[in-house]
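[1] please work out how this folds:
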Amino acid sequence: MKKTLLALAAIAASSAAFAQSSVTLYGVVDASVESVKGAHTLTRVTSDNLSTSRIGFKGTEDIGGGLKANFALESALKVDTGAQGNTARFFDRQAWVGLTGGFGEVRLGRQDSPIGDIARNVLVAQTYDDLKAVSTRAGVAYTRADNAITYILPTVVPGLTASLQYSTAVGSSATGGAAGAENIGDAAYGANSKAYGLGVKYVAGPVFAGVGYQYNTDELVTAGKQKSNATLGYAGYDFGVAKVTAYFDGETSASHLTGLVAGARRMQVYGAKVAVPVAPQFTVIASGSVARNVATSGNSASDVQFLTVRALYDLSKRTTVYAMFTNVNNDTASTLTFGDAVAAGKTSRGLAAGIKHTF
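    Below is the predicted model of the structure:
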């Protein structure tokens, strides 16, 4: 009897230990057929138009005393080819470990920057969106931070979250991949630069708002210090019949960093989007925006206007079919395109229909 009780106690203790920790495998698979028009029209199968395809692992362990250990490892992939999303690193989207307690949360490793968190998780910036198309820091090069220390403050005011971030060396862990790989640390961006960021988000019933800020001590791999900064803010209201969001991005222009134009204007993006739940499973999202001073030449006539419409139909909780259209109207000195090169002042557009599945 005593041996039986001891065995049962051991099994119970083992089960309790397993119950205190968990590891989750998750992912997104997104593919579509798109037609993009630049100087010519190109039709192709592509990935990531609604959400970035990925596979990831995340876990937590209840250590006790209100303390938990957490981690996340996440890798992007291309559904159209099966290739890695970033050939320079495997866990390109997330690779961090941290502790959570009454003090808040501390994370160490590669993770979202405060401005990247807003662009990716609030404004949901993807290929057809302005923040990515004009290569804002939040949408592309500074979506995530290498070598980052992030402190997420404990909740004091209901609905209010805040974080502080410091990156010790934004490019020392890798030097491969293009800016489009959503990476602080690509070769084009200062290998030894430090980065400072902060983010604040607030939700109270139908009202929501937030702001993120990023400061980089030396952005380019050239002589001297090329300091830069970026601010991304948003505010909105959910009326029930429609959810309205307005946003603004302002940042140091590329022409100012490279010295092409002395005193070059800051690049700015002003935008708004309206999401209308037409039916319980069907949502239509329309957005419009203006990006100013986009060209690296610093030309004042380098503005770009965006008009985007999305239609999403949920087949289930995990599977969505979608269609989207974006029109890009270039000013007289702009050449932004979704396809091959266009002449300055010409329009470009993209049309896509696809499937997204989460697991």
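[2] can you map out the helices along the stretch 151-300 of the chain?
    For the stretch 151-300 of the chain, helices defined by DSSP state H, counting those that start in this stretch occupy the ranges 254-258.
[3] just the strands in the stretch 51-200 of the chain please.
    Counting by DSSP state E, counting those that start in this stretch, the segments of the stretch 51-200 of the chain that form strands are 54-64, 67-76, 94-101, 104-112, 144-152, 160-167, 195-204.
[4] redo those as CSV? Include distance to Arg266.
    The C-beta positions use only the backbone N, C-alpha and C, and glycine is treated the same way. Output for the strands of the stretch 51-200 of the chain, formatted as CSV (distance: least, C-beta to C-beta, whole Å):
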stretch, distance to Arg266
strand 54-64, 32
strand 67-76, 30
strand 94-101, 30
strand 104-112, 23
strand 144-152, 22
strand 160-167, 22
strand 195-204, 18
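[5] out of those strands, the one nearest Asp48 is which?
    Between Asp48 and the strands of the stretch 51-200 of the chain, the shortest gap by C-beta to C-beta is with strand 67-76, which sits at 8.0 Å.
[6] next, the angle strand 54-64 makes with the closest one.
    Interaxial angle, strand 67-76 versus strand 54-64 (axes from the mean of the first three to the mean of the last three C-alpha atoms, to 10 degrees): 170 degrees.
[7] go through strand 67-76 and flag the buried ones.
    Buried residues in strand 67-76, counting neighbours by 16 or more other C-beta atoms under 10 Å, are found at Lys68, Asn70, Phe71, Ala72, Leu73, Glu74, Ser75, Ala76.
[8] tell me the phi and psi of Asp92?
    Main-chain torsions, Asp92, degrees, to the nearest 10: phi -80, psi -20.
[9] that one: neighbour count?
    23 (other C-beta atoms under 10 Å).
[10] are we agreed that Val36 is in a strand?
    Yes: under DSSP: H, G, I helix; E, B strand; the rest coil, Val36 falls within a strand.
[11] in a markdown table: the strands of the stretch 51-200 of the chain, plus mean pLDDT and distance to Thr319.
    A markdown table is the format used below for the strands of the stretch 51-200 of the chain (pLDDT from 0 to 100; distance: least, C-beta to C-beta, whole Å):
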| stretch | mean pLDDT | distance to Thr319 |
| --- | --- | --- |
| strand 54-64 | 97 | 16 |
| strand 67-76 | 98 | 20 |
| strand 94-101 | 98 | 24 |
| strand 104-112 | 97 | 26 |
| strand 144-152 | 95 | 27 |
| strand 160-167 | 97 | 30 |
| strand 195-204 | 97 | 27 |
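[12] Ser348 is nearest to which of those?
    Closest to Ser348 of the strands of the stretch 51-200 of the chain is strand 67-76 (C-beta to C-beta; 24.8 Å).
[13] quick one: strands adjacent to the closest one?
    Using DSSP bridges, strand 67-76 pairs in its sheet with strand 54-64 (antiparallel), strand 94-101 (antiparallel).
[14] which among the ones you listed is found nearest to Tyr196?
    Nearest to Tyr196, of all those, is strand 94-101, at 17.7 Å by C-beta to C-beta.
[15] buried set for the closest one?
    Result for strand 94-101 [16+ other C-beta under 10 Å]: buried residues Gln94, Ala95, Trp96, Gly98, Thr100.
[16] ok, which pair from the residues you listed is furthest apart?
    Farthest-apart pair in those is Ala95 and Thr100; separation 17.7 Å (C-beta to C-beta).
[17] any idea how far the spatially most central residue of the chain lies from Gly109?
    For the chain, the residue nearest the mean C-alpha position is Arg120 (2.8 Å; C-alpha atoms, centre = their mean). Here Arg120 is placed at a distance of 17 Å from Gly109 (C-beta to C-beta, to the nearest Å).
[18] whichever helix or strand Ala352 is part of to strand 54-64, inter-axis angle?
    Using DSSP states H and E, Ala352 falls within strand 347-358. With the same axes, to 10 degrees applied, the angle from strand 347-358 to strand 54-64 works out at 50 degrees.
[19] now do the buried residues in strand 347-358.
    Buried-residue list, strand 347-358, by 16+ other C-beta under 10 Å: Ser348, Arg349, Gly350, Leu351, Ala352, Gly354, Ile355, Lys356, His357.
[20] who's in contact with that strand?
    Strand 347-358 is contacted by residues 26-38, 46, 49-51, 127-128, 318-330, 336-339, 342 when judged by C-beta atoms under 8 Å, 6 or more residues apart in numbering.
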